[in-house]
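Undergrad: Sequence first, then the predicted structure, then my questions.
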Amino acid sequence: MEFAIEALISFFLVVAGVFGLVGSFGMIKLTDTLQRLHAPTKATTLGVGGVLIASMLYFLLIKGGLSFHELMITLFLFLTAPITANFIAKTFIQGNLRARDLPDSQGAYGWSVYDDPPKRTDDNED
Amino acid sequence: MFKRLFPHPLLSIVLALVWLALVNKVTTGNVVLGAILGVVVPMLTGPYWPRRAKMSNPLRVIEYVLVVLWDIVVANVQVAMIIMFKRNENIRSHWITVPLELTSPEAITVLAGTITMTPGTVSTMLAADGGSILVHCLHTDDPEEVRDTIKSRYEWRLKEIFQ
């Protein structure tokens, strides 16, 4: 039983390590900035996720206590990673791309980096 | 009165639970402290978040989370394959415009976060009026299909939850 538990935990650790490695390798291999942005969003999901699952299993099955810290780490990562990626992407677009490089927004207004938002009239509505 | 005390009831509950999870021990003192945080923080931040997000179908949140988690695992493997086994010149990245039917800022935020967390796509920008979202896709042969998947798999579910 002990062995099976340890094998399971090791499995998650190895999977996490592999995905973390592939994510970092992607940073070197891909050339375009926006393509490289895809690599870190991956390392944070399965790479970190695997370590956290392994950690939860370890505390649950071997130490015999439920640990919620891992869930919190996952939660905070899922909240912050997309925002970081979005900032990087927007900064890149601002500095390197013109409106004509991007597809049309298919709406009345263009993309927010180039166009002003419509005037808000409902700010005080509740 | 209730609205003054709890401008965002769900936020209050989440804050209290997060506090308990952070201290990792359920004792009376921690529950009280969590409850105090749950009341004080939404009250202090209330003015910055004037409208309450409507959630008509809170149970579907669980379904949504499970779908997204599964997609994250599948998409991770796909993107790992692309990175490992595709030569750079064969990777065809695309910009994809996804017109949005969602209108509430909270729903759009969740959708943008979901798009970024499911690897292979990163949401980069909104249209100035929030009417569409610009997605960068690492590799696809069929941009329209990616757009339709985002709309049918995520946006449709979020519409059910938030509207």
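TA: Now that the structure is in, tell me what you want to look at.
Undergrad: show me the contacts for the most centrally placed residue in chain A.
TA: The centroid of chain A falls nearest to A:Thr41 when counting by C-alpha atoms, centre = their mean (3.5 Å). By C-beta atoms under 8 Å, 6 or more residues apart in numbering or on different chains, the residues touching A:Thr41 are A:81-82, A:85, B:116-117, B:119, B:122. C-betas here are computed from N, CA, C, even on glycine.
Undergrad: The same query, at a cut-off of 10 Å, please.
TA: A:Thr41 sits next to A:23, A:81-82, A:84-85, B:72, B:76, B:79, B:115-122, B:138 when contact means C-beta atoms under 10 Å, 6 or more residues apart in numbering or on different chains.
Undergrad: out of the residues you listed, which are inside helices?
TA: If you go by DSSP state H, the contacts of A:Thr41 have A:23, A:81-82, A:84-85, B:72, B:76, B:79, B:115-117 in helices.
Undergrad: Now the buried members of the contacts of A:Thr41.
TA: A:23, A:81-82, A:85, B:72, B:76, B:79, B:115-122, B:138 (16 or more other C-beta atoms under 10 Å in any protein chain shown).
Undergrad: Which two among those residues are spaced furthest apart?
TA: Using C-beta to C-beta, the buried ones among the contacts of A:Thr41 span at most 17.8 Å, a distance reached by A:Gly23 and B:Ile115.
Undergrad: Check which helices and strands whichever helix or strand A:Phe87 is part of sits against.
TA: Taking DSSP states H and E as the definition, A:Phe87 sits inside helix A:69-96. Here helix A:69-96 touches helix A:33-42, helix A:48-57, helix B:9-23, helix B:60-85, helix B:105-117, strand B:121-126, strand B:132-137, going by 3 or more C-beta pairs under 10 Å, 6 or more residues apart in numbering or on different chains; DSSP states H and E.
Undergrad: one more time with 8 Å, if that's ok
TA: helix A:33-42, helix A:48-57, helix B:9-23, helix B:105-117, strand B:121-126 (3 or more C-beta pairs under 8 Å, 6 or more residues apart in numbering or on different chains; DSSP states H and E).
Undergrad: that older thread, relative to A:Gly64, which of the ones in helices among the contacts of A:Thr41 is nearest.
TA: Distances from A:Gly64 to these, taken by C-beta to C-beta, are shortest for B:Ile72, at 29.4 Å.
Undergrad: Show me the shaky parts of the chain.
TA: Unless you meant another one, I'm taking chain A. A:42-44, A:120-126 (pLDDT under 70).
Undergrad: not what I meant, chain B
TA: Ranges of chain B meeting pLDDT under 70: B:1-5.
Undergrad: mind redoing it with 90?
TA: Scanning chain B for pLDDT under 90 picks out the ranges B:1-31, B:33-65, B:67-163.
Undergrad: List the contacts of the spatially most central residue of it.
TA: What sits nearest the mean C-alpha location of chain B, by C-alpha atoms, centre = their mean, is B:Val110, with 2.4 Å. By C-beta under 8 Å, 6+ apart, the contact set of B:Val110 is B:Leu158.
Undergrad: Show the contacting residues for the closest residue to A:Ile88 other than its chain neighbours.
TA: Nearest non-adjacent residue to A:Ile88, counting by C-beta to C-beta, 6 or more residues apart in numbering or on different chains: A:Leu37, 6.0 Å away. Going by C-beta under 8 Å, 6+ apart, A:Leu37 touches A:85, A:88-89, A:92, B:122, B:136.
Undergrad: Swap in 10 Å and give it another go.
TA: A:26-27, A:30, A:84-86, A:88-89, A:92, B:116, B:122, B:124, B:136, B:138.
Undergrad: hey, C-alpha coordinates of stretch B:15-27 in CSV?
TA: What follows is stretch B:15-27, C-alpha atoms only, in CSV (Å, rounded to 0.1, in the frame of the first residue of the first chain):
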residue,chain,number,x,y,z
LEU,B,15,-13.2,35.5,1.5
ALA,B,16,-14.1,33.7,4.7
LEU,B,17,-13.3,30.3,3.1
VAL,B,18,-10.1,31.5,1.6
TRP,B,19,-9.0,32.8,5.0
LEU,B,20,-9.7,29.4,6.6
ALA,B,21,-7.8,27.6,3.9
LEU,B,22,-4.9,30.0,4.3
VAL,B,23,-4.5,29.4,8.0
ASN,B,24,-5.2,25.7,7.3
LYS,B,25,-6.8,25.1,10.6
VAL,B,26,-10.5,25.4,11.5
THR,B,27,-10.8,26.9,15.0
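Undergrad: Run the chain-centre distance for it.
TA: Centre-to-centre, stretch B:15-27 and its host chain are 23 Å apart (C-alpha atoms, centre = their mean, to the nearest Å).
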